[in-house]
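Novice: sequence plus the predicted model coming up.
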Amino acid sequence: EVQLVESGGGLVQPGGSLRLSCAASGFTFTGYAMSWVRQAPGKGLEWVSAINSGATRYADAVKGRFTISKSNAESTVWLQMNSLSPEDTAVYYCQATARMGPGNYWGRGTQVTVSS
């Protein structure tokens with residue numbers, strides 16, 4: 001069974017930091033690009049960051065503040081989020097996309113709330 005399980009969300013004050021984790025199982029982790037996507041209250045999905053064979057990309061809104069990383073040995077991807085602002089409040093989802101062929105999996109998300 002394919003699973004992507006996010007954790008690490010919570011309530012943090014503006015300027016604070018959080019580290020999200022996504023534990024993957026049920027598929028060949030190394031064959032997938034991993035992404036973080038978020039959905040703010042009342043808004044659509046927003047791509048945040050991706051890592052693919054070590055290459056990383058970031059949305060302009062988070063560039064310089066967020067860092068994506070992964071461990072193939074642990075089948076885990078992380079999102080280190082620094083200098084958080086209320087605009088970062090959202091449910092953060094982990095996504096896996098196969099490099100070849102079909103395969104697109106989503107986690108259930110973890111809530112991040114930035115508020116004083």
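Specialist: Good, I have the coordinates. Predicted, not measured: the structure shown is a model, and the values here were computed from it.
Novice: what bridges to the residue minimising distance to the centre of the chain?
Specialist: Central residue of the chain (Cα atoms, centre = their mean): residue 36, 2.9 Å from the mean position. Under DSSP bridges, the beta-bridge partners of residue 36 are residue 49, residue 94.
Novice: what about residue 85, neighbour count?
Specialist: Residues lying near residue 85 (other Cβ atoms under 10 Å) number 12. Just so you know, the C-beta spots here come from the backbone N, C-alpha and C atoms, and that holds for glycine as well.
Novice: that one against residue 14, yeah?
Specialist: Yes - shown here, residue 85 and residue 14 form a contact pair, counting by Cβ atoms under 8 Å, at 5.6 Å.
Novice: what do those two both touch?
Specialist: Counting by Cβ atoms under 8 Å, 6 or more residues apart in numbering, the shared contacts of residue 85 and residue 14 are residue 114.
Novice: from residue 14, how far out is the nearest residue to residue 22 once chain neighbours are set aside?
Specialist: Nearest non-adjacent residue to residue 22, counting by Cβ to Cβ, 6 or more residues apart in numbering: residue 94, 3.4 Å away. To residue 14, residue 94 is 24 Å away according to Cβ to Cβ, to the nearest Å.
Novice: neighbour count for these two, which is higher?
Specialist: Comparing residue 94 with residue 14 by other Cβ under 10 Å, the one with more neighbours is residue 94, at 27 against 13.
Novice: was I right about the more buried one contacting residue 75?
Specialist: No - counting by Cβ under 8 Å, residue 75 is not a contact partner of residue 94; they are 11.5 Å apart.
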